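Chemist: Need coordinates for the below:
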Amino acid sequence: MNTSGFTEAVRAVGDWIRSERREFNANHVETKALNSLVSYVDQQAEQMLIERLTSLLPGSGVLGEEGGESWIDGGFNWIIDPLDGTTNFIHDLPPYAVSVALMQGRDLVWAAVYELGQARMFTAERGRGAFCDGRVLDVRHGAPLRDGLVATGFPYHEFSQMPQYLEALQACFRGSRGVRRFGSAATDLAWVADGRFQGFFEHGLAPWDVAAGILLVRESGGLATNFFGTELDDYDLVRCGSITAGNPQSYRDLIQLTSDVFTQP
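Modeler: I've put the predicted structure just below:
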């Protein structure tokens with residue numbers, strides 16, 4: 001596969017999004033559901049990605065946040081979030097990112113997260129490592145949770161486990177150097193792979209929020225599972241709705257916390 005072509009397709013669409021931000025009018029925003037926003041930028045970016053990526057890999061299917069779906073069972077499928085962090089984008093508040101993953105059958109095989117605030121391209125290929133603008137990412141010997149930062153996303157539309165969430169936050173306040181919430185799960189996971197964050201957990205996520213980030217974390221030497229450490233294949237993991245991730249040391253601390261605090265569905 002010509003993965004360099006995939007990367008350049010993601011970069012081209014991301015650069016278009018950055019150019020649109022300069023003239024963006026926040027009045028051109030629709031509400032999909034409670035606190036779930038979409039703009040013409042999301043919609044056009046998804047179409048651009050679908051056209052470019054499927055032309056590079058003919059016969060591939062798509063699962064996109066903004067409605068693009070043509071999933072091919074057992075084949076190659078793109079999982080696309082054209083603008084992860086739309087609310088940040090609307091308010092001109094980085095980070096926000098383009099997130100793209102490629103699944104072959106039930107396995108994640110390639111991923112890119114293009115964080116547009118700092119214009120950093122994170123990529124990973126199954127069995128070949130993770131990179132940021134060509135720099136190798138390696139968190140195998142990362143710090144334990146007590147010496148690092150935890151990233152999360154605050155619930156904004158699904159509040160069924162709010163008490164558990166507050167309990168988990170309190171434990172992270174006490175057991176780490178701090179908790180950060182940036183509003184882009186794809187970026188959070190890329191930054192776990194880069195060693196900026198030592199751990200990440202969030203509930204209520206969609207496949208396009210996490211697919212690329214999971215492969216980035218894994219190929220950098222970290223771990224990513226659901227809240228309970230259940231053995232799931234990639235297809236089920238991206239759809240399970242929860243994620244706990246980190247370098248090996250921090251993951252051990254964080255998975256104990258999320259598995260104790262949260263309720264299994």
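Chemist: Output the longest helix belonging to the protein.
Modeler: Within the chain, and with DSSP state H defining each element, the longest helix by residue count is helix 3-21.
Chemist: so for that one, what's the average pLDDT?
Modeler: The average pLDDT for helix 3-21 rounds to 95.
Chemist: Same check on stretch 185-199?
Modeler: Per-residue confidence for stretch 185-199 averages out to 98 on the pLDDT scale.
Chemist: What number of residues are in the vicinity of the residue lying closest to G199 once chain neighbours are set aside?
Modeler: For G199, the nearest residue in space outside its immediate sequence neighbours is G246; the separation is 3.6 Å by C-beta to C-beta, 6 or more residues apart in numbering. The C-beta positions use only the backbone N, C-alpha and C, and glycine is treated the same way. A count of nearby residues for G246, using other C-beta atoms under 10 Å, gives 29.
Chemist: sorry, back to before: for the longest helix of the chain, enumerate the helices and strands it packs against.
Modeler: helix 40-56, strand 76-84, strand 97-104, strand 107-115, strand 120-125 (3 or more C-beta pairs under 8 Å, 6 or more residues apart in numbering; DSSP states H and E).
Chemist: isn't the residue nearest to G199 right next to A193, touching?
Modeler: No. Assessed by C-beta atoms under 8 Å, G246 is found out of contact with A193, at 10.2 Å.
Chemist: list the residues that contact both of those two?
Modeler: Counting by C-beta atoms under 8 Å, 6 or more residues apart in numbering, the residues touching both G246 and A193 are V217, G222.
Chemist: So what touches the longest helix of the chain?
Modeler: Residues external to helix 3-21 that are found in contact with it (C-beta under 8 Å, 6+ apart): 41, 45, 48-49, 52-53, 56-57, 82-83, 89, 92, 97-98, 100, 102, 110, 112, 114, 116, 119, 121, 123, 125.
Chemist: still on that earlier bit, with distance to Q256 and mean pLDDT added, can I get the helices and strands packed on helix 3-21 in JSON lines?
Modeler: Below are those laid out as JSON lines (distance: least, C-beta to C-beta, whole Å; pLDDT from 0 to 100):
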{"stretch": "helix 40-56", "distance to Q256": "37", "mean pLDDT": "93"}
{"stretch": "strand 76-84", "distance to Q256": "28", "mean pLDDT": "97"}
{"stretch": "strand 97-104", "distance to Q256": "28", "mean pLDDT": "98"}
{"stretch": "strand 107-115", "distance to Q256": "25", "mean pLDDT": "98"}
{"stretch": "strand 120-125", "distance to Q256": "26", "mean pLDDT": "98"}
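Chemist: hmm, back to that, tell me how far the longest helix of the chain is from the chain's mean position?
Modeler: Offset of helix 3-21 from its chain centre (C-alpha atoms, centre = their mean, to the nearest Å): 17 Å.
Chemist: Give me the buried stretch members for it, please.
Modeler: Buried residues in helix 3-21, defined by neighbour count with 16 or more other C-beta atoms under 10 Å: T3, F6, T7, A9, V10, V13, G14, I17, E20, R21.
Chemist: Would you mind getting the angle between that helix and strand 107-115?
Modeler: Helix 3-21 runs at 40 degrees relative to strand 107-115, counting by axes from the mean of the first three to the mean of the last three C-alpha atoms, to 10 degrees.
Chemist: residues near T123, how many?
Modeler: Applying the criterion other C-beta under 10 Å, we find 28 residues in the vicinity of T123.
Chemist: middle-most residue in this protein, spatially?
Modeler: A186 (2.3 Å; C-alpha atoms, centre = their mean).
Chemist: for L232, phi and psi?
Modeler: Taking degrees, to the nearest 10, you get phi -120, psi 150 for the backbone angles of L232.
Chemist: ok so L205 is a strand residue?
Modeler: No. With DSSP: H, G, I helix; E, B strand; the rest coil as the criterion, L205 is located in coil rather than a strand.
Chemist: what's near enough to touch it?
Modeler: Under the contact definition (C-beta under 8 Å, 6+ apart), the residues listed for L205 are G153, A185, G241, S242, I243.
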